[in-house]
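In: what shape does this take:
(3 chains)
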Amino acid sequence: MLYTEKMKDNKNFLALYRRGRYIASKYSVIYVMPNNRPYNRFGITAGKKIGNAVNRNRAKRLIRLAYREAELKMPIGIDIVIVARKALCEIKSSEYSLYMMEQGVKEIARAIEKGIGNGKR
RNA sequence: UGAGCAGACUAUGUGACAGCAUGAACGCUUUUCAGUUCAUGAGGAAAGUCCGGGCAUCACAAAGCAGGGUAGCUGUUAACGGCAGCCGAGGGCGACCUCAGGGCAAGUGCAACAGAGAUAUACUGCCUGUUUUCGCAGGUAACGGUGGAAAGGCGAGGUAAGAGCUCACCAGUGUGCAGGAGACUGUACAGCUAUGUAAACCCUACCCGAUGCAACGUCUAUUGGUGCUUUAUAUCUUAACGUUCGCUUGACGGAUAUGAAGUAAUGACGGCUUUAACUUAUCGGCGACGGUAAGUAUAGAUAAAUUGUCACACUCGACAGAACCCGGCUUAUCGGUCUGGUCACUAC
RNA sequence: UCCUCCUUAGCUCAGUCGGUAGAGCACUCGGCUGUUAACCGAGUUGUCGCCCGUUCGAGCCGGGCAGGGGGAG
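Out: Numbers count the residues shown, from 1 in each chain, chains lettered A, B, ... in the order given. Modelled structure (predicted):
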């Protein structure tokens, strides 16, 4: 990935869940928050609810793929965490990529603008 | 042809484009990052973590107790609670399958309800004596019912009635002899009849030190507290304290306080994949397995890699994802293929 | 990676050493009251998580699965 780091620490995840904005859909929940850095930080959550190891790995793969394809359109300087939902492992990958390219990026951009607005207030 | 038994193998395939991880080479560059090309890239259960072993550490890793495990025999193995062959018991017409399969003839405990009586007894009975009868005393345990189990079973003799009291056969126990590596089998004799339950306590034989790769090792930033090591001073003494899951013994370290110096944590790297390895051939063995020869190199990540889309083919694709590594066991699973026995029916 | 515990009525829990499983709340019916609540009386409710085994007989003993909780690094 071009300008993205992996997010590893649990405290970053927790901070994002508490303070970030979220975009929910049938397949996933996307948390975003500006981080004031020259790069993005990216994390994936695939919990036990989704299923066994095969399903969790598949969900992670699909999210990574979709993020890679949509990366160029993303705003820079945000923390982003995608939480997989159960419906994600039953669909084709193209469907989720498409969703990410068309809706996801727009929603993220809008959420970031709002988030910055909130921060200023 | 149908039904059934045992064992082994396999786990969609091919192509195009895009993408991921590791390694090598190339070129760029002080180096790194990024790039190009090539190679390789999950399983039969990778799972559950139920056993066993390697490896590492615990200062020595010791002895006993406690605790835990195993339980026909012989073999196999690094080891095992696995596996193979055999023995015994049970099931199936059979191929074959199942068995925690040592000891209640050491001790203790438990056995509800029913039943006269549950480890010792006498209700209904039978017989003898006595008695007008009722009943009483004695003998006896075959018959009756209860129960999972009633003191060997069944038949004959015997007797007042009966009883292993006697005999034949059978079951069980012990001893001798024969066979076998052994479990055990066969046979002769003897006295005797002994309820079940050790997946109840327990006894016998054998085995087990503990903790787990987030073990552990190397390098390194910072230093307020904390732990450890070294050293100086003071105090206490040969008993206390500390060390190894519990207890005892042994062994080892003298201990505590204060000051000074060093070191550990964090992070990175190693451990991390070449082996009790795999494939083929051959030899030994009924077999598990072992020996020899040749060949092969075949995941190693750390928020964690094998995928996505399209096309074609068919039997239309189940269960499911390595995390230190092996040998098993158990559980999940769409199907398919092959081999060897068995039974029934039909035809020749 | 490893260690432990639990699963019983609709809910919360008892059930020691094996012998047909209970308590409280809830629910149903009747009484009391002008009516409701409270109170009194009576009653219903279990594949003891699932599957094997040991035993004459398992909620209980042994083994294997499943689900859930807690803990250590």
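In: so what's the residue nearest the centre of chain A bridging to?
Out: Computing the C-alpha centroid of chain A and ranking residues by Cα atoms, centre = their mean puts A:Ile82 first, at 3.3 Å. Beta bridges link A:Ile82 to A:Ile30, A:Ile44 when assigned by DSSP bridges.
In: who touches it in this structure?
Out: Going by Cβ atoms under 8 Å, 6 or more residues apart in numbering, A:Ile82 touches A:Ser28, A:Val29, A:Ile30, A:Tyr31, A:Gly43, A:Ile44, A:Thr45, A:Ile63, A:Tyr67. No exception for glycine: its C-beta is placed from N, CA and C like everyone else's.
In: try it again at 6 Å.
Out: A:Ser28, A:Ile30, A:Ile44, A:Ile63 (Cβ atoms under 6 Å, 6 or more residues apart in numbering).
In: output the lowest mean pLDDT helix or strand found in chain A.
Out: helix A:105-120 (a mean of 63; mean pLDDT, DSSP states H and E).
In: would you mind giving the contacts of A:Ile82 as JSON lines with distance to RNA strand B and pLDDT added?
Out: Formatted as JSON lines, the contacts of A:Ile82 follow (distance: Cβ to the nearest atom of the strand, whole Å; pLDDT from 0 to 100):
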{"residue": "A:Ser28", "distance to RNA strand B": "15", "pLDDT": "79"}
{"residue": "A:Ile30", "distance to RNA strand B": "16", "pLDDT": "82"}
{"residue": "A:Ile44", "distance to RNA strand B": "6", "pLDDT": "78"}
{"residue": "A:Ile63", "distance to RNA strand B": "9", "pLDDT": "80"}
